[in-house]
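Colleague: sequence plus predicted model, see below.
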Amino acid sequence: MTSTSQATTNAGAQRIADAFAGHGKRAALMPYLMGGFPDDATARAIAQAYADGGADLVELGVPFSDPLADGPVIHEAGTTALRAGATVEKTFAQCEALAHRVPVVMMCYANLVLARGAQAFAQRLADAGGSGLIVPDLPLEEAPAVLDACDAAGVALVPLVAPTTPDERLARIGARARGFLYTVSVAGTTGERAALADQFDAIIARAKASTDVPVALGFGIATPEQARQAADAGADGVIVGSRLVRAAGESEDPAAAVRELVSGLAAGLAR
């Protein structure tokens, strides 16, 4: 297990830790934003709406052509964003526009990180004000170089664990976690699920036993009730993605639509 002091030795990890410690809710609320969706200007408005609605942190996705961890809603949003001209650099600019309000944790697939180089990518994210980086397809065995680059740049490399992660591997991942441990609630890709609460207790307890950083639960959480159930089961943070991305795609006023949903999620997490 990593020590709390080790996990907060850089500026990004410390800002994330402060957000988890000071959210004032049952759990910190982290909505997901697809960068550049449905276009750059609207994505920026959605980001501000998240902060206005009560987000404590924001997960900012970089559009990618082969998003292995994403379900159909987020996959389609990424495709739409790419068609509208989204790029990695434009996503960094969106991060910079939001980071003064809430900590931003960028979610980016490994090819895009490695194409630029881990050191250059981590430093560019830090320069944009980003606090953390999630690389969902980066295996534990290939993570050390990216972890070192993130530590050097002052960015928290946030790992993911799943219900199927073996205990020994979970312990190794938890020991290297920075910022928080992204804990997947179900096996499979992102997407809304109707019933999840019966799985939360065991999944969260197992993740918490592996690490000293906060545990945030994601994949499938879509309603204030599910968010509250995750928090009551012990999650330190709740990540909501597909529901918000779907609302942004369906509404004539995406920013207003997601602000209302985020406000409802925040109310569901009120103490």
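Modeller: Right, received. Where do you want to start?
Colleague: OK, contacts around residue 215?
Modeller: By Cβ atoms under 8 Å, 6 or more residues apart in numbering, the residues touching residue 215 are 180-181, 183, 204, 207-208, 234-237. C-beta coordinates here come from the backbone N, C-alpha and C atoms, glycine included.
Colleague: now do the closest residue to it other than its chain neighbours against residue 246, distance only.
Modeller: The shortest distance from residue 215 to any non-neighbouring residue, by Cβ to Cβ, 6 or more residues apart in numbering, is to residue 207 (4.6 Å). Counting by Cβ to Cβ, to the nearest Å, the gap from residue 207 to residue 246 is 27 Å.
Colleague: which of these two has more neighbours?
Modeller: Each of residue 207 and residue 246 has its neighbours counted (other Cβ atoms under 10 Å); residue 207 has more, 28 against 20.
Colleague: run a quick neighbour tally on residue 170.
Modeller: 21.
Colleague: distance of residue 221 from residue 78?
Modeller: For residue 221 relative to residue 78 (Cβ to Cβ), the value is 20 Å.
Colleague: correction: the previous question concerned residue 158.
Modeller: 19 Å.
Colleague: ok, now residue 251?
Modeller: Going from residue 251 to residue 78 by Cβ to Cβ gives 18 Å.
Colleague: so residue 106 sits in a strand?
Modeller: Yes: checked against DSSP: H, G, I helix; E, B strand; the rest coil, residue 106 lies within a strand.
Colleague: show me what contacts it?
Modeller: Residue 106 neighbours (Cβ under 8 Å, 6+ apart): 59-62, 91, 95, 125, 130, 132-134.
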